[in-house]
Every structure is written in C-alpha cells, then in structure tokens.
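Q: sequence? don't have it. structure:
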C-alpha cells in the first residue's frame, strides 16, 4: 500500500490533485499524492451547478466570487461575501442550500514527518516538504489550531499549548521581594506539549506565536519564548526569528491578514501580567498563614476575591437588618358614564386635596377610608386631562464581557463560567468550521467599520430599510490602553443567522442559545430606535380634592426590538424585551367617568412572604387576587397592601455588574472570581440566576479582613490597583515600582497582625456577626465593638501588668433572649473557635458546657444560629416540636414527654430536612407534623395483608414490605404529589394510565433525585384561580404527602420481579445463606469461546502499525491509525473489507459446531422490538447530519432537533411508530 497517509498531503489541501511546488512533473510531486479520482471529479461536476446558482443569487458576475468546493466528499460551500444591502434573495438562496451539500473539510490529515494527525490532541502539523517543519505556529487550543492550520495551509505547523505552559511554584518563595521581585516558575503544561514545541522549534524557519489577544495570551507567548531559551533553542547562537500574531476572530480573512502583519511581543503587557501574578501571590501566600492561625477552618484570602466576597456579605447584612414597612395602593375600575366596553383602571394619587406620599396610605384603616372616598366621589368624576407623547428607546451597545455575562445570567440562566465556555466554543468555531464570534474577553464597545456596514446590510435585508437608521450608531468608551482596546463581542459574519447555528449545533445547545443573544444584541445596536406612544389620563373629582391617574402605552414602531424577536417561536422569550401593549380607551377632556360597581375590596399580603404572598382578609372579603392595573378587568375599588422589600441577593450576573461598576477585576477574571469564592466554600449558590448566599465560613473570613485588613479589601484600593496595572500595560508605570509600593506597607501590616491575640479576633467576629448569629441590632453591635476597642487599648498600654488582652465584660441583665444561655441562664452566648472550626458557646465555660453548632447558610437556615426553633406542641402526645441543628444539617424533632412510670427516657422522633431540600424558615407546625408521620403505613398489601410502609432514607424516598425495599423515582413522586396538589383546586385521582406510564421507572432509579421543591407563593390552579393562604398551606402539605397504596404495591412488585444481583449494595459479593456448611465446588465445564474474526479496521491496523514512527505510545498509535483509516478511499477500504469477510468465513467453516451452542441455541428468536417515534426520526435525520461526527455528538444533535420539532412533525413519526408496533404484534 502506498504511504499515502504518512507522507501525503492533507486531504483538505488537495484541491486539484496538485500542490504548490508539485505542479506539472512527477519529480516535484510529493510521494503518495494522487491525482483527482474519478469519484472526486464526479462529485465536483455535481456541485459546480450549485456553486454557479449561488453566485448568481448573490449577484456577482466575477468568477472569483463563485463558491468553491473542495475535492473532499465532505465538501464545504465557501462564499466570498459581497455587499448584501437589499439582497435578501441572496440570503434565502444560501439558507436554502441542500444540507447534504454543505459540510466541512476533513478534520484529520497526516503530514510528512509527524506522528499525529491534523486535529489530534497535540495540535496540527503540515509541511510542504517531507522532513521540514516550515513555520511553526503556536496557539492556545486544539480547536483553534484546527482552523488556523486550515487557513494557512502548507508550509506551516500549528501546535496547541493548551493554555499556560508555566506558572509560579505553589509554595513560599515563588516571588522574592528581597531579590528585586524575582519569580520562580514551574512547568504546568500537559505531558508532551512542551516537548513537541521544543522539537518542532529546532527545525522551524520561523516561530509565530498566535495566542489570544490579551494579557494572558501575551504572557503565554512570553513563557514559550522563555522556555525555549531555557532549552537552548533560542539564544545568542540561534537565528530563529520570533514574531507575535494576534487576531480577534478565527476566520480565514482575519487570520491571513494577521499573519501578514506580525509584531514583537509587547513588553508592557507582559509586565502587567507579571505584576498581577506577583500581587496575587504575595497577598495570598503572606496573609493566608495568618488567617489560618487566627481563624481555624479558614482556607485562604485572595486580593480580588476578598473584595467580591465582601460585597456578597455586606448585601446579606443589609437583608438581615432590613425592616419592612407597610404601604397601600388604591385602584378603581373606571369607565365613561353611559358607555360600556371602554373600561380602564385608575390609581389614586390625591386625597383631600393632598398628594399621597410614597408610603401612603400606611395602614389598612387609612386605605379603606381612601377606597370608600373614591367610591363616594364616583358621580362627580370626569376626565381632567389626556396627554399623549411618543417616546423613543435607543438600542444598547453590543456586548462586552461583563454585559454578556449579566445578560446570559438574567435571560438564559447561565453562570459566568458557563457563559465563557460557550463563548470560547463560538469564538473557536467548534462544530462550525470557523469562528462565529469575535474575541470574548473585552471591555470595548466599538465595532469595525466593515462590520458596521455588514450589520446594516443584513438589517435592511432581514427587516426592511426603515429599520436601518440614516447614520450608523456609534458607542464609545475611553480605553486606558489602546493595545487592549478590542472590538465589542459580535458575530464574525452578520449573515450567519441564529437559526442556521441552531440547526447545526442544536437549538438547545449553550452555544446556539448564546449566539442568538449575541447576534440579536449586535444587530439591534445598528438598528433604528423603537417608538412607543404613551398616554396618561387624569381623572379628577368635581371639587378637585380627589384625583386618579391612568396610564397606558402602545408600541407603534418596534425598531431594534425586532432583532430580539427574529426567528423565535411563540413562548420563547429568552432574548425578548417586555414590549406588551397596555393601552387606554379613547377618552375626551371633560367626559364623565364613573366607578364600575359599588364594591370595596381589601387585599392583604403576607409580610413574611418572599414575594406575592397574600394573607386572608375578613370573611366577607371575597376579592383575594392581584390587581391588574391596566387591563381594565376589575370592578369597584380595591385597596392592596404592600411591604417594602430588602435588596435582592447578588446573582453571578449582578455581582459581575457590581464589580465592574467599582472597577474591580477585568474581563478575563470575572468567571475565575465566581469559581474561587464558591470552591473555597465561602459562598453558596447555583450558577446563573440563583442567588449567592455567603456561607458562615465566608462571613467569618470577610469580617476578619474587613476589620483587621480594611485597607486591602477596600473597594477603592482594589480598583486603584487595577488602574495601576492598566498603567503598566500602557507603559506609563514600571511594574517593579508598583510592587515595591504595595509590598512595604502590606508586609508591615501583616507582621503587626501576628501580635494580635486570637481572643480579640474572636470578640471582634462575635460582635460584627452578632446580627447574623443572634439577631443583634445595630446599636448593640456598635456598643460591643467600642468595648472591645477600649479593652484592646488598655491591653496595649498595660501589657506587662495585665498580661495581655482582657475579657470584655457584659451586663447579664441587659442580655437579649438570643444571647442569654439557655443552659445556665446567666451566661452570654458568643462565637468560639476551635481546631475544627467554630461553634456557639457560653461565657461561663467550663462551669456551663452549653454549645451549639454554627449554621451552614448553604442549607438555608436563618437567624444564623437561632436553634432550636420552637414550633409548638403536638396535640396528641403533648410533646414539644422544634427544629434542631445537627452534624448533618437541620432536622425536626418531637420530644415525647416522659412519665414517672417510664424506666427509660422516650426516644425523640426526628425527620431530616436536608434530604428533601427544605429550609428551616419554610417549616411550620402543620408541615412538621406531616413529616413526622414518616415512616408511614400506607395500608395492607393485597396479597398477604402485611403493612406497606413509606419512609425517607439517606438516599431519598422508598417503600418497604416484608423485607423488600424499593426506591421511589422522581417521576412517580412527582405524579403522585401533582395529583395531591391538584386536589386543592378540585377532586383529581391518581389515574390507572399513570401507573402504566411510569411502571418502567419504578425500579433501579437513583433515589437521590427524589427531592421536593417548595411551591411558588404566586401559584395558581389550572383554571387560573389564585390560591389563598389556606389553600397554599394545603398545597405545601400535599407536596410532601405519601404515594397511593396501589402505586407502592406496583413499585414493590416490579422490584420483586427483578432478578437478584450477584453482588450486594456496595459491590461486595453476597455472603452464603448456608453458614457453617461446606459443599464441594461444582466443576463447571470449560466453555470454548468461539474465535472472533478480525474486522477490516483491525486488519488495516495490523498492516499499517509497522510503518508508524518508533516510540509512539499505544494511545498515540490508536489516534494515528484511526485518522488514517478515516482518510482511506473506497478502493483501499474494499481490500481490507474483503480480507475481513474471508477471515470470517474461514473461522465459521473451521468451527461449525460453535454456532449451535450458547444460551439461546434451542430457543426461538426473540421478536424484534418496534422502533419508537424518536428512533424513526433519528433514522431519517441521521443522513442529513454533517459527516465525521462521533456517536455522542450525533445523539446530542438529534436529541436537540427532536425537541424543536413542532406537533405536526412529531405526529407523523408517532403514527409511523404506532403502525410499526401493530406490525410487530401481528408477527
């Protein structure tokens, strides 16, 4: 076999069977290169008409503008993009191109003298001459390397560094201030990465460093150069030229233009990187040991992360100290006198001739009086004034890194890390072939003139010329460092519509959803303003002492909002804005107005509800529902109660916004900040929209730093350091001078902190966290801190006589109920530290040993440490019910009262809250008694009459009967409890169909999935009725109700029918049931395993392995052989397939008796299972997928496409599945 794959050219570069330097003569031809095959010529002849058609559709007459097709079977339709203004026909033509004709060039090709295929895990290698590296290019990721190699072609070798190749040693001495801030580096690259770079650099004609265009990318390039100097590749004796190449989009044009204008490595950018690394290292490695000694259980402190943690903790303090205030709104359902069908809603603004304040009316009594006053004035109301005006809404600028993370969090529910991972994939063009967006780490707002022109062209083609403003929209932002002033994040080609990306990558993929967001924001930024007409009608009483106001709005020109609706289906609002019309009927000045009806309704809200909760009003008040202030559906006058709400907790998106506003961090660091504070256990919270809640450990660390290191976690100081780093990057400051200015004062402060007694640290933390742990008010916290300060000053002046920091006194008579020790009654509860962390203890220790654990905030406890939480008394047993906190989190406890006759103390009944996801503040007495009923007897088993019991275990809910336990799947629990919840709105039973639908899910389900979620306070029934407080309480109880007996029996039956496993629960072999008895082992006849015939691929590997370069590891050989096998043409494959068929026949002839042996030799063949609708869809759609996708990638893509099918399409496949099922039964 000719060495086509070890010496031949990449398939993607063999366009006409010839290459540069190889045209016309066999002498110049690379060994193994083949001319265009008959199959390739046929394929090209097939594709040329499509190319011509696409060119004509675009409107270009030049042959150079025509799409070009590679000779690869996986052809790529390449179009040179002309001006598309007004050319919607061109876009329609390209979008309508057959998917089977639009694909990618092969991802793998083997090149001369290299051991791995193009696209392998070590990067890409290509050369025009065997044995020569040519120009060596280093990028960061293999995906980026694949694209760059394709664009550069022969003569370049592209390798991936996989990020940083060196980092500071993770021990003391990594940065040496005494030695002019010398740094000690250690290699951190993957095995073989540095070796490959060094090996290829030795024979390269030029080294081109094309890492990312930011400080980190510049630093990686610098590290590579330094490594090559250490290895002796670069130096005084070396003539290897080194250049730096940067581009902000991975497209053919951008990459080639960048390589035409290389530059030197930027020393200021490298200096800024070195300064940041040194600052972070010195801060963490100097302060963290002090933190460990003063606060056992603390992990570490970081320069930027500590400021972010302080923001989260201070917000939590604001929430805890917030005092809710009551206020009311009064609304009236109005309509013109004598005219029906023109109703609207007005809000009371003036009463008794005075304008109502922001918090007025302030009580139920005042609100009810105001409502009755409106009703009394109904006959005297008239329209006083009607004002209409047009309001323009300008589009926002395109995304920067921070605004992308904020929008992805609020609209898509993505965390910062998830957003940046999807953006990185889009930037590198994974699954597409070229980059889809520009570089995603930027704080610039500008867009290149060429991109602006393209955006305006596409906007005109997609939406119409009226949606394009006369002049482009420009957004400016002052950049301190022009070298780092990248473009805003935008699509590389505006003509690549979101639907096209969704079709290729899957509409449900993170990349497709994020691309839609970026495309819409960028497109909107170059579109016309949206115009909304707003109207306000003032309705006054005849004496002008009572006034109401009604407002409405109507979108009259969507403008840029159309971009957010582009290509969306109904119900998809992930990228839309709230633009619902809220309009008023036509009203004339002087027109008489009356109140609809004569009813006054009072609606009260629950003060403690998180949002939207109502509490029941008087018995005769039947209007317990939200007031729609604009829909005009309400009658009478309604007074609605409200409570001021504390500021919301930060999410990842809002925390990024706060950091950006304060100047803390930079685009490349936001995601890392979120990851670090979570990984250290300082903050709990889900990524995306979920709130960030400081853990107890995080609050202790933050309070310690804020009190003893206030200057270094101050927002202004941290932001000032970021500005100085920017000055270093722009060449305005010397990096070592900045480090010297920081290190001197910082080292002195850390040294002085070592002399502070741990008891003083504990007292300070106990005082500053008093609101969290004990509910202390602000005055008591200030008084305690003042006492600690006086004690510290006395200790400093009388250190020799007193022997150190004294105990801070307190007055036992002034202790609050939460501070008074329940054990001794006279001691003060306070924070204590131990080797394993912290706890709450009594000041009278050791005479009083009362202690309790600190609360893990991640489990949602409130009040910090206010356990036990007394709930009430059990009416049946008389025992006390309370929420306690144990080693495994909060739990409900029923302490049974003991009688004098009992010789032993009755064991308390308990139920853990952690396994079912309940928070202590969500548990009331009714719910506690519901949960304490478990383990619950569901009823007698219909077969033997023994009890069927439901209980909660460490891995979730389960049922048991006669020694058999069966877990309850999430699906079963959800269905049973949904029926129980629905029963609060009407009688609904657990249907027999549901048993059939979930029967297959009853057995072998991960019980840990069976967690329950609390109801939403705004929950409504299916018929739209809003639940009152009593109904909501019933719903909450129903969500923790038992499953019906018949469901439990079905689950247990399925469990029993399942054959027993050979191994026990923990994978250990089950013990013999006959202990003490010894039986002779039964000798099993040795099974003769039939020899398996080798496949065509195995036969090819056996032949090709001997031709591989020596020294390769087995995984490397496998990758290389796999790539070669994929690149074989049909003639070569036929040879090995024929050999495999012959080998299979030979083995079958040699051992015919093995055919009749086996488990099912004498049994009838098992009937083939009918395919499902999804399987039928996959069979049809798989042929339309891009070639070369692995099976998991195909499955992911097909699954995403199936989810996006409409009901009509799905019905077609469901009908086919039903027919197939009938045919299978008939057989």
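A: Cool, got the structure. Values in this document were obtained by computation on a predicted structure and should not be read as measured data. Residues are numbered from 1 along each chain as shown.
Q: What are the buried residues along the strand or helix carrying residue 656?
A: For residue 656, the element it lies in under DSSP states H and E is helix 652-661. Going by neighbour count (16 or more other CB atoms under 10 Å), the buried part of helix 652-661 is 652-660. From N, CA and C alone the C-beta is placed, and that goes for glycine too.
Q: And stretch 1212-1227, by the same measure?
A: Neighbour count says stretch 1212-1227 has 1213-1214, 1216-1217, 1220 buried, by 16+ other CB under 10 Å.
Q: pLDDT below threshold where in the stretch 901-1050 of the chain?
A: Along the stretch 901-1050 of the chain, the model assigns pLDDT under 70 to residues 901-905, 983-1033, 1035-1036.
Q: try it again with 50
A: For the stretch 901-1050 of the chain, the stretches with pLDDT under 50 are 987-1026.
Q: That one: strands as residue ranges?
A: 909-912, 936-940, 947-953, 956-961, 964-967 (DSSP state E, counting those that start in this stretch).
Q: picking that back up, any chance of JSON lines for the buried residues of helix 652-661, columns pLDDT?
A: Below are the buried residues of helix 652-661 laid out as JSON lines (pLDDT from 0 to 100):
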{"residue": "652", "pLDDT": "89"}
{"residue": "653", "pLDDT": "89"}
{"residue": "654", "pLDDT": "90"}
{"residue": "655", "pLDDT": "92"}
{"residue": "656", "pLDDT": "90"}
{"residue": "657", "pLDDT": "90"}
{"residue": "658", "pLDDT": "91"}
{"residue": "659", "pLDDT": "91"}
{"residue": "660", "pLDDT": "88"}
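Q: quick one: residue 590 and residue 382 touch, right?
A: Yes - with contacts counted by CB atoms under 8 Å, residue 590 reaches residue 382, the gap being 6.1 Å.
Q: Show me which of these two is the more surrounded one.
A: Neighbours per residue, other CB atoms under 10 Å: of residue 590 and residue 382, the larger number sits with residue 382, 17 against 8.
Q: Is the more buried one bridged to anything, and to what?
A: Taking DSSP bridges, one finds residue 540, residue 592 as the beta-bridge partners of residue 382.
Q: For it, give me its contacts.
A: 539-540, 542, 590-593 (CB atoms under 8 Å, 6 or more residues apart in numbering).
Q: How about residue 466?
A: Residue 466 touches residue 528, counting by CB under 8 Å, 6+ apart.
Q: Any figure for the gap between it and residue 522?
A: 20 Å (CB to CB, to the nearest Å).
Q: Check residue 1100 too.
A: 48 Å.
Q: One more: residue 729?
A: Using CB to CB, residue 729 is found at 27 Å from residue 522.
Q: do the same with residue 349
A: Distance from residue 349 to residue 522, by CB to CB: 42 Å.
Q: Ok, residue 275 next?
A: Residue 275 is 34 Å from residue 522, by CB to CB.
Q: Next, format the buried residues of helix 652-661 as TSV and append distance to residue 948.
A: Converted to TSV, the buried residues of helix 652-661 look like this (distance: CB to CB, whole Å):
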residue	distance to residue 948
652	45
653	48
654	49
655	49
656	52
657	54
658	54
659	55
660	58
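Q: all helices in the stretch 101-250 of the chain, in order from the N-terminus.
A: Using DSSP state H, counting those that start in this stretch, the helices of the stretch 101-250 of the chain run over residues 142-152, 193-202, 215-230.
Q: Determine which stretch of these is the most buried.
A: Highest mean neighbour count of those: helix 142-152, a mean of 24 (counted as mean count of other CB atoms under 10 Å).
Q: Give me the mean pLDDT for it.
A: Averaging pLDDT along helix 142-152 yields 89.
Q: same deal with stretch 417-426?
A: Across stretch 417-426, pLDDT averages out at 92.
Q: Can you show me the strands along the stretch 601-750 of the chain?
A: Taking DSSP E, counting those that start in this stretch as the test, the strands found in the stretch 601-750 of the chain are 614-615, 637-643, 683-684, 693-694.
Q: no, scratch that, I was asking about the stretch 251-400 of the chain
A: 326-336, 344-351, 354-355, 382-393.
Q: can you redo the ones you listed as JSON lines with distance to residue 375 and mean pLDDT?
A: Formatted as JSON lines, these follow (distance: least, CB to CB, whole Å; pLDDT from 0 to 100):
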{"stretch": "strand 326-336", "distance to residue 375": "8", "mean pLDDT": "93"}
{"stretch": "strand 344-351", "distance to residue 375": "11", "mean pLDDT": "94"}
{"stretch": "strand 354-355", "distance to residue 375": "19", "mean pLDDT": "94"}
{"stretch": "strand 382-393", "distance to residue 375": "16", "mean pLDDT": "93"}
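Q: Quick check: closest non-adjacent residue to residue 155.
A: The shortest distance from residue 155 to any non-neighbouring residue, by CB to CB, 6 or more residues apart in numbering, is to residue 134 (4.4 Å).
Q: Now for residue 582, how many residues are close by?
A: Residue 582 has 16 nearby residues by other CB under 10 Å.
Q: Relative to residue 392, how far out is it?
A: 18 Å.
Q: ditto for residue 656
A: Applying CB to CB to residue 656 and residue 392 gives a distance of 29 Å.
Q: Please apply the same query to residue 345.
A: Per CB to CB, residue 345 is found 27 Å from residue 392.
Q: which residues does the closest residue in space to residue 704 that isn't next to it in sequence contact?
A: Spatially, and ignoring its direct neighbours in sequence, residue 704 is nearest to residue 295 (5.9 Å; CB to CB, 6+ apart). The neighbourhood of residue 295, defined by CB under 8 Å, 6+ apart, consists of 700-701, 704, 761, 765, 833.
Q: And residue 295, how close does it get to residue 707?
A: In terms of CB to CB, residue 295 sits 12 Å off from residue 707.
Q: Overlap of the contact sets of these two?
A: Contacts common to residue 295 and residue 707, judged by CB under 8 Å, 6+ apart, are residue 765.
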